[in-house]
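>>> Sequence and predicted structure, then a few things I'm wondering about:
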Amino acid sequence: MSNINGKVYAMNAITPMKTWKTWILRVAFFVLDHVKPMQKDLIDLSFIEFARWVVVPRNGLPFLGNGQQEEELTYDYLLFFSNFNGTWNQYIDAFSAVLSKGLNLVWRWSEKFPGSVPVTLFKEYIARVQFDTDYYYTAYPHATANDVKSAHIVQASFDSLSTAAAHYTPQQFADAWLTFVLEVQTHLGETGEAPIAG
């Protein structure tokens, strides 16, 4: 499946909105962008590498000419892009359980959106509006977002040990090394392909 690269899964969805609803959604985005506590739950879901919504007005899609037919579209469109670690089901379940109010605030303006709870109807909706991603960039495809955060912790601890070690006796270094290993052991993960979800 083209959406999966190592431990990273890309999800994209496009939903139509009546044009009169677009300005309401733009106000909601403004509020979400400027009231930082409203972003806390999304930020706390550490397996999400990013999530972004974009509104494209019905006359904002590119027209290339050269034989392309001009379209008279009825709807504006809401595009959703995200990269995350884990399975599609885990991602949608977490979105529904933790971010249901925010999702409803954003997607409720899209046509036929059933709400993010119950999760079964939400999953059916997302499956209908999702499209495959042929290409996308991920800096560390074989590492999760948490793997990268842990690597920074290990590197910072190692740098501190390295700086201090120049002045240690062998015994002091042995003690400092043991302390270092004990402090970072929970951050020593494994990169590679994601396990197959059953």
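It's in.
>>> What segments of the protein are strands?
Counting by DSSP state E, one finds strands in the chain at the ranges 4-5, 8-17, 48-56, 76-85, 130-131.
>>> Kindly tell me how buried the spatially closest residue to Leu32 that is not a sequence neighbour is, as a neighbour count.
For Leu32, ignoring the flanking residues on the chain, the nearest one in space by CB to CB, 6 or more residues apart in numbering is Met38 at 5.4 Å. C-beta: built from backbone N, CA, C; applies to glycine. Each residue near Met38 was counted by other CB atoms under 10 Å, and the total is 15.
>>> Val27 now?
Look at Val27: counted by other CB under 10 Å, it has 10 neighbours.
>>> picking up where we left off before, quick one: the residue nearest to Leu32 and Gly102 touch, right?
Yes. Applying CB atoms under 8 Å, one finds Met38 in contact with Gly102, separated by 7.1 Å.
>>> tell me, what's touching the two both at once?
Residues within reach of Met38 and of Gly102 at once, by CB atoms under 8 Å, 6 or more residues apart in numbering, are Leu32.
>>> According to the record, where do the domains of the protein fall?
Following the assignment in automatic domain parsing, the chain carries domains at 4-131, 145-187.
>>> Please identify the deepest-packed of these.
Mean neighbour count, computed with mean count of other CB atoms under 10 Å, is highest for domain 4-131 among these, reaching a mean of 15.
>>> What mean pLDDT does that domain get?
Looking at domain 4-131 alone, the average pLDDT works out to 86.
>>> Packing partners of the longest helix along the chain?
If each helix of the chain is counted by residues according to DSSP state H, the longest one is helix 145-165. Helices and strands in packing contact with helix 145-165 are listed as helix 170-184; criterion 3 or more CB pairs under 8 Å, 6 or more residues apart in numbering; DSSP states H and E.
>>> Give me the residues contacting the helix it packs on.
Ile153, Val154, Ser157, Phe158, Leu161, Ala164, Ala165, Tyr168.
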